[in-house]
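# The following block contains a protein sequence and its predicted model.
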Protein chains: 2
Amino acid sequence: MLFKKGLSKIIPYEPGKPIEELKRSLRLKEIYKLASNEIPFVPVYIRKAICEEINNINRYPEANCFYLRKSLAVRLKVKESQIIFGNGSDELITLVLRATIEDKDEVIVGYPTFLIYELQARVHGAKIIRVPFKDLRYDLVSMAKKVNKKTKVIFIANPDNPTGTYLNQKEIEKFIKSIPKNVLVVFDEAYFDFAPSDFPKTFDFLRKRGNIVIMRTFSKVYGLAGLRIGYAVATEEIANVLNKIREPFNINRFAQVAALAAVKNEKFLKNTRTYILNEKEYLYKELSRLNVSFRKSATNFVLIEFKKDTSNLNAYLLKKGIIIRPLSGWGLKNYFRVTAGFRKENEKFISCLESYLNTEE
Amino acid sequence: MLFKKGLSKIIPYEPGKPIEELKRSLRLKEIYKLASNEIPFVPVYIRKAICEEINNINRYPEANCFYLRKSLAVRLKVKESQIIFGNGSDELITLVLRATIEDKDEVIVGYPTFLIYELQARVHGAKIIRVPFKDLRYDLVSMAKKVNKKTKVIFIANPDNPTGTYLNQKEIEKFIKSIPKNVLVVFDEAYFDFAPSDFPKTFDFLRKRGNIVIMRTFSKVYGLAGLRIGYAVATEEIANVLNKIREPFNINRFAQVAALAAVKNEKFLKNTRTYILNEKEYLYKELSRLNVSFRKSATNFVLIEFKKDTSNLNAYLLKKGIIIRPLSGWGLKNYFRVTAGFRKENEKFISCLESYLNTEE
């Protein structure tokens, strides 16, 4: 047999519907994409960096992201050699697995969380140990109990996607102490910038314990999802292995210059965070008014408990040009996820949800 | 142990020196990079596509490269579902390995050829069967003899990098017939556009035999190395598996729009090919005049047999701002590789080589 055993069982990841796709199929002019936890605007200051870099686009990118690495290391107060850049965090997930998984090794994941951990762990031949969430939160006590000699990696999305819940400093501190140092704990902190102040100081844990990989991304608060760039921070030893086994030119030129511009522009980050948190409050307020159950979130999206199957609602909203994220792929068919967009988009979503609820009754 | 056995033995790929690096270290203004087989100019027609796409850069890219896929399928006369896009061909190499390699499976590679096959096969836990070249060409007869029940993949760079030699229609036809259909033969045709007319019709073999993956890239004749996009063509069944196990957003937005513009602009392709072949002829002529041995090449670079260690020459040229590619990493320490650049660059290289040879004697 040509392919690895077990690949036939893999169900591919289904992304949120792209704006282009809805435009093609419904011939709508105005699309409101509230499905993929992107911020609604483009950071204007990257335009200059991109336009200048076009003149070098026939050349391979720098393999080590020289300037970006320098700048980010200063910002994060880590050594340059502790950073690994990835073609989005997705690639960093696969690199961790590529470096660690041999036959029958185990990977512990929560459920329902970001699906790529489990999907790629399966592709890399790991045995998946799935630990169900409790009250839509990671069950760290049960996860720690699952650790055995075959355990290689534990993936934790914090804050979590798609629930929007987060684990705080105390919870993570207790958990980390219970995990042996030969097990890698990966904290995927893609939504870190939207989290509240008791969010865990994972960089401290990394310094103290070592067996930690912290993943962050330029796709969310920095507004560069289309460019594909994320990064991980780990001990020098671990970073060295991950850098050694990645493809040498994994970060394209535009991603390097745009991320560098982003790192240098803290004001954009701050303004974006304020804007998004404000829009999230708007959503909370309006959902409460409509008597729709939701979960307060540490991210830029809101998990909504619809209490019945969301497929009719989803179809209704799509016709109006609004893309939300139904969660049946996560086993949450009575829930959906909505990203905080522009005020205009959020208003449109709320008004369409309201008219749907009125016609339903 | 956290990491897989065998990772400690891996020597990372060392890329050609980037222009930025030489500028940083030597503070030179004018750099002539003839090291990484890039074309010397930027396709101007992509500028419009890039500048328009900046407005969407906060959004994830389309996971399936909708428009690019459609356009490329028509151009290649294959089904859309036969194409897999990668973050450069490098990613396609890892995807093939990720899909196939289980413990102790074997991968057959030539030597000296593109180093990523062997490096990534090792990372993915394969046993490497290295078959030395004969007269700087793939030894297909010996490679076919190495096939056994554990063989999963054979990698063939055609035309080859760094030798520049190629295998013709007859040789490949005979070889393919001798390989069992449960072994995947990967033809990396990155330099295909520069090859002569008796280059093998691998798309015909793919239709007839099925166990073939043809890899091409936008990094060479299309001038998009900085953007990271390559593609593979295979049977629908194989393409389906590779697409299922890749990261969903592996191709950034700029790569998608620029590659689409490239596919639609055949004139650029034709002109570039003519330009490069002409410059290669210039290099041949001048090298002959200097009595320097070289190998005629089916690519956009020339392999030069220097007959002694190239490190002094390399240091000399670097000081003049000229980056060539010494080949000690391939075990060819008396050889180097030079890319056909602009006429001005090629002239500069030749004149510096000439003055080096004169001072040496």
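Looks like it arrived, so ask away.

# is it true that residue A:300 touches residue A:34?
No: using C-beta atoms under 8 Å, residue A:300 is not in contact with residue A:34, being 10.2 Å away. Any C-beta I mention is one placed from the backbone N, CA and C, and that applies to glycine too.

# can you pull out the helices in the stretch 101-250 of chain A?
A:116-123, A:140-145, A:169-177, A:202-209, A:236-245 (DSSP state H, counting those that start in this stretch).

# Out of those helices, which one sits most buried?
Among the helices of the stretch 101-250 of chain A, helix A:116-123 has the highest mean neighbour count (mean count of other C-beta atoms under 10 Å in any protein chain shown), at a mean of 23.

# re the thing from before, could you dump the helices of the stretch 101-250 of chain A into JSON lines and include distance to chain B and mean pLDDT?
Below are these laid out as JSON lines (distance: least, C-beta to the nearest C-beta, whole Å; pLDDT from 0 to 100):
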{"stretch": "helix A:116-123", "distance to chain B": "5", "mean pLDDT": "96"}
{"stretch": "helix A:140-145", "distance to chain B": "18", "mean pLDDT": "98"}
{"stretch": "helix A:169-177", "distance to chain B": "16", "mean pLDDT": "98"}
{"stretch": "helix A:202-209", "distance to chain B": "13", "mean pLDDT": "98"}
{"stretch": "helix A:236-245", "distance to chain B": "5", "mean pLDDT": "96"}
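
# that older thread, what sits in contact with each of residue A:300 and residue A:34?
Residues touching both residue A:300 and residue A:34 by C-beta atoms under 8 Å, 6 or more residues apart in numbering or on different chains: A:339, A:340.

# Of all the residues in stretch A:310-321, which ones are buried?
A:310, A:313, A:314, A:316, A:317, A:318, A:320, A:321 (16 or more other C-beta atoms under 10 Å in any protein chain shown).

# Give me the phi and psi for the closest residue in space to residue A:251 that isn't next to it in sequence.
In this structure, residue A:251 finds its nearest non-sequential neighbour in residue A:85, 4.9 Å apart by C-beta to C-beta, 6 or more residues apart in numbering or on different chains. Main-chain torsions, residue A:85, degrees, to the nearest 10: phi -100, psi 150.

# so who does residue A:85 touch?
The neighbours of residue A:85, taking C-beta under 8 Å, 6+ apart as the test, are A:65, A:68, A:69, A:229, A:230, A:231, A:250, A:251.

# If we use 10 Å, what do you get?
Residue A:85 makes contact with A:63-65, A:68-69, A:72, A:91-92, A:218, A:229-232, A:242-243, A:246, A:250-251, A:255-256, A:259, according to C-beta atoms under 10 Å, 6 or more residues apart in numbering or on different chains.

# mind listing the strands for the stretch 51-200 of chain A?
Taking DSSP state E, counting those that start in this stretch as the criterion, the stretch 51-200 of chain A contains strands spanning A:83-86, A:106-111, A:127-132, A:151-157, A:184-188.

# What pairs with the shortest one, parallel or antiparallel?
Okay, so that is strand A:83-86. Next to strand A:83-86 in the sheet, as set by DSSP bridges, lie strand A:230-233 (antiparallel).

# Only whichever of the contacts of residue A:85 are buried, select them in ChimeraX.
With 16+ other C-beta under 10 Å as the criterion, this ChimeraX line picks the buried residues out of the contacts of residue A:85:
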select /A:63,64,65,68,69,72,91,92,218,229,230,231,232,242,243,246,250,251,255,256,259
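
# quick one: residue A:105 from residue B:3, how far?
Per C-beta to C-beta, to the nearest Å, residue A:105 is found 11 Å from residue B:3.
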